[in-house]
Every structure is written in structure tokens, then in C-alpha cells.
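Enquirer: Could you work out the structure for the sequence below:
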Amino acid sequence: MTDSIDLGSFDEQATMAQVFLALSDPNRLAIINLLSSSEQKCLCEIMQTFMLSQSKTSYHMRILLDAKLVNFYQVGKWKHFYLLPQRFNEICKYLAKLTPQDVIPSDALTSNNNEACTPDPANASANYAISLHTTSPTPCSCKCRRKKTITPSKED
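Expert: Numbers count the residues shown, from 1 in each chain. Now for the predicted structure:
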């Protein structure tokens, strides 16, 4: 009989299930990819990039917000979204528990710091975790065109 893996409490497992469900949609993965390549994006920019309606884009953003993968600040009517790198670090650590130890370095399994995971450089699809940016946005190119500095909420 093999040893069982400690995946944390039931609440932690439920949280990760919600995260993976949020990441299971191609549109939401594309939005995450878009946000990982910039500091922030206005909802209108996300709509234009993927040619989605406002209601469809808001629906996807609500799921990402509920999973605490993104957060936003508001300028007038416009919401500006940005990634929460800490959540992606939590995902990496959770997945490391599931990965056979001979696949990833042992120091990655025991790391307690807040640095991003370091996937194999040869695996470009996993490198999104490395390319996460800070949460201090720059002005967007949409209609609002306002500069706004944010103070991350206590949820960050």
C-alpha cells in the first residue's frame, strides 16, 4: 500500500477545486494569459481582445474573482483587472504535492517563501507562473485613460 499525500484540509481541497474549475475554461485561460503579459487590463480591453460581449466577459471575470485569481480596482465605470500572484504560488505548491518527487527538485517542494514556482524552462506552457507582474497598474488604452494607483485589498 502506498503512502497517502496530505493535500490539506477539506476547505483547502474545495478551494483548489474552485480554482481548477475556474481555469478549466479556454476563455478564462486566455484572459489569465492576457493579464500575465501586462500589469492590468480594463474590462473593455478584455472584451475587445476576445470579441466577447460585456455580459460574457463579466461572467468569466466573476468566476476568476471568486477563485481569487484576479482582483480589480474601479475608475469611474471601468473595472481594471490584475492577477494575484500569491494565488498562483499556492497553486504551484498544491500541484507540487501531487507531483512525483523525482519530477521536480526537492527544494521546490519545501520552499516556504513567496517566490513564484520555477517550472522547467523547456516547458513553455508552464512558464506563466514565472511571468506574473506586480499589481501596480499603468494607465490603460481604453476610454477611461486615467492614471490610477491601487492599494491592494486585504484579500490580496
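
Enquirer: Please count neighbours and contacts with C-alpha atoms only from this point.
Expert: Fine.

Enquirer: which residue packs closest to residue 19, ignoring adjacent ones?
Expert: residue 67 (5.1 Å; C-alpha to C-alpha, 6 or more residues apart in numbering).

Enquirer: That neighbour - how many residues pack around it?
Expert: Applying other C-alpha atoms under 10 Å, we find 20 residues neighbouring residue 67.

Enquirer: Touching, it and residue 22? I think so.
Expert: Yes. Taking C-alpha atoms under 8 Å as the definition, residue 67 is a contact partner of residue 22 at 6.7 Å.

Enquirer: Residue 26 and residue 11, how far apart?
Expert: Distance, residue 26 to residue 11, by C-alpha to C-alpha, to the nearest Å: 26 Å.

Enquirer: what does residue 45 give?
Expert: Counting by C-alpha to C-alpha - residue 45 and residue 11 are separated by 34 Å.

Enquirer: ok, the two, which is more surrounded?
Expert: Remark: of residue 45 and residue 11, residue 45 carries more neighbours, 16 against 9, as counted by other C-alpha under 10 Å.

Enquirer: quick one: what helix or strand has the more buried one in it?
Expert: helix 43-50 (DSSP states H and E).

Enquirer: which secondary structure elements does the helix or strand containing residue 94 contact?
Expert: Using DSSP H and E, residue 94 falls within helix 85-98. Where contact means 3 or more C-alpha pairs under 8 Å, 6 or more residues apart in numbering; DSSP states H and E, helix 85-98 is packed against helix 106-110.

Enquirer: Looking at the helix it packs on now, give me its mean pLDDT.
Expert: Mean per-residue pLDDT for helix 106-110: 51.

Enquirer: Let me see the ranges of the helices in the chain.
Expert: With helices called from DSSP state H, the chain shows them at 10-22, 26-36, 43-50, 54-66, 85-98, 106-110.

Enquirer: How about residues contacting the third one?
Expert: Applying C-alpha atoms under 8 Å, 6 or more residues apart in numbering, the contact partners of helix 43-50 are 31, 53-54, 57-58, 78-81, 141-142.

Enquirer: measure residue 83 to residue 31 for me?
Expert: For residue 83, the distance to residue 31 (C-alpha to C-alpha) stands at 10 Å.
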